[in-house]
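Undergrad: here you go, sequence then predicted model.
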Amino acid sequence: MFIRKYFYRIILLFFFSLILSFLSCSAKPMGYAVVLWDESEEFKIGELLEVMEESKIRKTYLVVAGGEKNLRDIEAFKTRFFELKADADAFIRDYEACFNQFAFSEKDGLPVREEAHQEAKRIYMLKAGQLVKVLNRETGPVDIGSYQDYWYRVLTEDGYEGFCFGYYLSGFESRGNPREEAQMLMGQDPLLDKLLSEIWRPEYFAEMIDKERIDLFRLRQGIGLFPSADSRAIRLVTAKYTINFTYEKIEKTGTGRYHFQSRDQKKDLRISIVRDNRIIISYNLAGRALSVAYILIEENLGEIIEQERSRRLEIFNTITSQGRVLKSSGYGNIRLPEGLSFEWTNFGRLGSQIFLKEVKGSGIVDFPFFLSAELAGKFDGIITFRFDEYQAEEGTSFLYKIDQKGIRMVFIRSENIDDLEVGRTGLSPLILYFTFGRS
């Protein structure tokens, strides 16, 4: 009798459980949840879930997923809840573009704010390398101080959701394991690798090449930014000085932004990669903060320099084809032997009027300057005499015009030369005339 009574109780409990299970599975959901991010991968990003119950104590939803009859729990912060399925479907369509978008912080203490502006309440601080899920990006970049970037709505792995300014966020796309991919990306930096493997030239190199006006003192093979990753040094060579930056550490301060730290803080160097072929370097020189653009030059600098030298030699040969000696009763004689050299004798008082210092009379002839459009119809070119006593870039220059008998030269002062171009002769210029001679 006891066994039969016990058997009936078991049967009743079994059917009661079936009825409860049927009622649970057939009950109308209280709403719908869209999965934002689930690191356990039990749920897919963007998956639509039917929410049957909510536990405010445990902060979870009891959900039905994928048409399955079994119920599962998911933490509420991993989802976005909607009462209506249509609203959930609309959110999925908007969120789809960010399904695979993640980011990690490039510095400690990167703030996550309640709203997308700098003064908004700070609700969280990201650690360096911390992974976040990107939920969306605000429309249009904004400026904060000297930085420009977007605001991103992000979700942390421990449930904080807010806005983060993107200057120190490194975004990436992941269709696999985002945490592993973030670790791999943090160990790689193709931008830094390229920065340290190239020779960078001052931006004015490209301007000279484009204009076909080459200053051989400022465009040289030895001028540029020369990194050496093996020796942890970067050598900066300009037309006026050389600085050797030796660094102990490279701190990444943003996407494409690096701080090369030295024991001597005055020798620190900061480099920002603006484009694939353009960087901005920032450093201190004699107490002044300088920022200068450097670029990659595709053209062969050796060929460009050689072409410019040939251009100048061709002008010299054109003049000397009329005669190797320029004769003047008042201004002396100028002999022009081979090799762009000159010997100027008997110049008398002329030297104290236009020469930069006391000279003996020999040196190199050069043709570094160009005529303005206004002067191009009046003169054939500009000739510069660099005396042996002058500094390398110094010279005494003249506009010149060749006729059948000789050459007329008009003295031009340095203030009338701008960006390698002579635009005017000045008031009451000194005019010299020389006849051609063969010896």
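TA: All right, it came through fine. Numbers count the residues shown, from 1 in each chain.
Undergrad: any idea how far Asn300 lies from Tyr147?
TA: For Asn300, the distance to Tyr147 equals 37 Å [CB to CB, to the nearest Å]. C-beta: built from backbone N, CA, C; applies to glycine.
Undergrad: settle it for me: which of these two has more neighbours?
TA: Looking at Asn300 and Tyr147 with other CB atoms under 10 Å, you find the greater number of neighbours at Tyr147, namely 14 against 10.
Undergrad: shouldn't the more buried one be in contact with Tyr167?
TA: Yes. Applying CB atoms under 8 Å, one finds Tyr147 in contact with Tyr167, separated by 4.5 Å.
Undergrad: which neighbours do those two share?
TA: Contact criterion CB atoms under 8 Å, 6 or more residues apart in numbering; residues shared by Tyr147 and Tyr167: Gly254.
Undergrad: so which strand or helix has the spatially most central residue of the chain?
TA: Nearest to the mean C-alpha position of the chain, by CA atoms, centre = their mean, lies Val274 at 1.5 Å. Assigned by DSSP states H and E, Val274 belongs to strand 269-275.
Undergrad: next one: that strand to chain centre, how far?
TA: 5 Å (CA atoms, centre = their mean, to the nearest Å).
Undergrad: helices or strands up against that strand?
TA: Strand 269-275 is packed against helix 190-197, strand 257-261, strand 278-285, with contacts defined by 3 or more CB pairs under 8 Å, 6 or more residues apart in numbering; DSSP states H and E.
Undergrad: could you save those as JSON lines and add columns showing distance to Phe436 and mean pLDDT?
TA: Shown next, in JSON lines, are the helices and strands packed on strand 269-275 (distance: least, CB to CB, whole Å; pLDDT from 0 to 100):
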{"stretch": "helix 190-197", "distance to Phe436": "55", "mean pLDDT": "91"}
{"stretch": "strand 257-261", "distance to Phe436": "58", "mean pLDDT": "92"}
{"stretch": "strand 278-285", "distance to Phe436": "49", "mean pLDDT": "95"}
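Undergrad: most neighbours per residue, which of those?
TA: With neighbours taken as mean count of other CB atoms under 10 Å, the helices and strands packed on strand 269-275 reach their highest mean count in strand 257-261, at a mean of 19.
Undergrad: just confirm the residue nearest to the centre of the chain contacts Ile280, I think it does.
TA: Yes. Using CB under 8 Å, Val274 is in contact with Ile280, at 6.0 Å.
Undergrad: show me whatever sits in contact with both of those two.
TA: Ala293.
Undergrad: for the residue nearest to the centre of the chain, report the pLDDT, please.
TA: pLDDT, Val274: 90.
Undergrad: that one and Asp189, how far apart?
TA: Where Asp189 is concerned, Val274 sits at a distance of 16 Å (CB to CB).
Undergrad: also Arg232?
TA: Taken as CB to CB, the span from Arg232 to Asp189 is 15 Å.
Undergrad: and what of Leu36?
TA: 29 Å.
Undergrad: alright, I will stop here.
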